[in-house]
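Engineer: turn this into a structure:
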Amino acid sequence: MKRLVEEVSGEGLESLLGQRVTLFCVNYFYTGKLIGVNQNDVLLEDVYIIYETGAWTDESWRDVQRVCDKLYIRVSAIESYGVIK
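Structural biologist: Residues are numbered from 1 along each chain as shown. Below you'll find the predicted structure:
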């Protein structure tokens, strides 16, 4: 039997605190500065919704629109995330 016994903290979303991240969610893509993380929600600051990505190699998104100063997003709606652009 193989067992994983090591617990690592500060991985995943926590490791990206303070950075501008992109969240690929069930219905929309969001980008903003990640300023809060807990089990249920993440908090983004200076939030934009990405309506059209354009080429992934482009330096910026093709169509992004500002949503608000701060937005909570449910962790359960996030499919993937990272520092993209």
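
Engineer: I'd guess Val21 is in a helix, am I close?
Structural biologist: No: according to DSSP: H, G, I helix; E, B strand; the rest coil, Val21 belongs to no helix; its state is strand.

Engineer: who touches stretch 4-22?
Structural biologist: Under the contact criterion C-beta atoms under 8 Å, 6 or more residues apart in numbering, stretch 4-22 has outside partners 29-37, 42, 44, 50, 75, 81-85. No exception for glycine: its C-beta is placed from N, CA and C like everyone else's.

Engineer: next, the buried residues of that stretch.
Structural biologist: 13, 16, 20-22 (16 or more other C-beta atoms under 10 Å).

Engineer: cool, stretch 24-35 as well?
Structural biologist: Buried, per 16+ other C-beta under 10 Å, within stretch 24-35: 25, 29-34.

Engineer: against Ser60, how distant is the spatially most central residue of the chain?
Structural biologist: By C-alpha atoms, centre = their mean, the chain has its centre lying nearest to Leu23, at 3.1 Å. Distance, Leu23 to Ser60, by C-beta to C-beta, to the nearest Å: 17 Å.
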